[in-house]
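Asker: Predicted model, plus sequence, below.
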Amino acid sequence: MTAERIPIGADHAGFELKEKLKGVLAELGYAVEDVGTHSAASVDYPDYAHPVAREVETGKARRGVLLCGTGLGMAYAANRHPHVRAAVAWNTEVAAYSRLHNDANILVLPARCISEAEGVDILKTWLDTPFEGGRHERRVEKIEREEEQ
């Protein structure tokens, strides 16, 4: 069985946490695709949000991970892509609900607002939480229909 490929990207504010999470993903058996940034030098978050979102939008990846200072910039950019539901999660409860109720396919972490340990816990929760479906499926379908109009 082929390992699920997870593209991950960050700006300078999320660089250090991204490096840690790459190792966690690899330890969990995922194939990690690092789209950058590759240092803590200042960069523009859309340059990393769009490549990860394109991977999910086109179905080349089922899920992705993005990091920036607050998570907001990455989420704004990623959510412009059809079929992408990027969710900013600052704790495990939000991460779980983003999957359970919204079938979030990109996790966005606010690197300046969480600790490394919290980031790891949020990531693991998000990866392990399935979409609940049911009444939530109807709502996700409405999001998709609006994108296509």
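Answerer: Here it is on my side, so go on.
Asker: where do the helices sit along the chain?
Answerer: 15-27, 46-57, 72-78, 92-100, 116-128, 135-148 (DSSP state H).
Asker: can you give me how far the third one is from the chain middle?
Answerer: The offset between the C-alpha centroid of helix 72-78 and the centroid of the whole chain comes to 10 Å, using Cα atoms, centre = their mean, to the nearest Å.
Asker: Likewise for the first one?
Answerer: Using Cα atoms, centre = their mean, the distance from the centre of helix 15-27 to the centre of the chain it belongs to is 13 Å.
Asker: So for S39, which of the helices of the chain sits nearest?
Answerer: Closest approach to S39 among these is made by helix 15-27 (6.6 Å; Cβ to Cβ). In this view, the C-beta of every residue, glycine as well, is placed from N, C-alpha and C.
Asker: Keeping just the C-alphas, turn the closest one into PDB.
Answerer: Provided in PDB are the C-alpha atoms of helix 15-27 (Å, rounded to 0.1, in the frame of the first residue of the first chain):
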ATOM      1  CA  PHE A  15       9.000  27.500   9.100                       C
ATOM      2  CA  GLU A  16      10.300  26.000  12.400                       C
ATOM      3  CA  LEU A  17       7.000  24.300  13.200                       C
ATOM      4  CA  LYS A  18       6.800  23.000   9.600                       C
ATOM      5  CA  GLU A  19      10.200  21.400  10.000                       C
ATOM      6  CA  LYS A  20       9.000  19.600  13.200                       C
ATOM      7  CA  LEU A  21       5.700  18.500  11.600                       C
ATOM      8  CA  LYS A  22       7.500  17.000   8.600                       C
ATOM      9  CA  GLY A  23       9.300  14.600  10.900                       C
ATOM     10  CA  VAL A  24       6.000  13.700  12.700                       C
ATOM     11  CA  LEU A  25       4.300  13.000   9.400                       C
ATOM     12  CA  ALA A  26       7.100  10.800   8.200                       C
ATOM     13  CA  GLU A  27       7.100   8.900  11.500                       C
END
